[in-house]
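J.: test case, fold it:
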Amino acid sequence: MVVDRIEGDFAVVEHRGEMIEIPLSELPENVREGDVLIRMNGGYSIYNVLSEEKRMEMAENLENLFKRKLK
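T.: Prediction:
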């Protein structure tokens, strides 16, 4: 399930080719457009392999590693 947009108190979610509305009260408070949701234990979780902060940190570390190897 992918959050297409937030409208008022609902998230409009694409699920198996259909658009459904899920009350924001049933979703994690930090949900945003583009998030992938998974249903777990009667609720929803955001499927997030890495947070944006972690991705940026890893990209910076990789860049620094290449800079050191090129010297």
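
J.: span of stretch 42-57 from start to end?
T.: Using C-alpha to C-alpha, to the nearest Å, the end-to-end distance of stretch 42-57 comes out at 33 Å.

J.: check stretch 47-57 too.
T.: Start-to-end, stretch 47-57 (C-alpha to C-alpha) is 19 Å.

J.: give me the phi and psi angles of the nearest residue to Ile6 once chain neighbours are set aside.
T.: Once flanking residues are discounted, Ile6 sits nearest to Glu33: 6.5 Å by C-beta to C-beta, 6 or more residues apart in numbering. All C-beta spots, glycine's among them, are computed from the backbone N, C-alpha and C. When read as degrees, to the nearest 10, the backbone of Glu33 gives phi -60, psi 140.

J.: Arg5 is in contact with Glu33, correct?
T.: Yes - between Glu33 and Arg5 there is a contact under C-beta atoms under 8 Å: 5.6 Å.

J.: can you list residues touching both of those two?
T.: Common contact partners of Glu33 and Arg5 (C-beta atoms under 8 Å, 6 or more residues apart in numbering): none.

J.: next up, the contacts around the nearest residue to Gly34 once chain neighbours are set aside.
T.: Nearest-residue entry for Gly34: Val3, 6.4 Å, with adjacent residues in sequence omitted and distances by C-beta to C-beta, 6+ apart. With contact set as C-beta under 8 Å, 6+ apart, Val3 has these partners: 11-13, 31-37.
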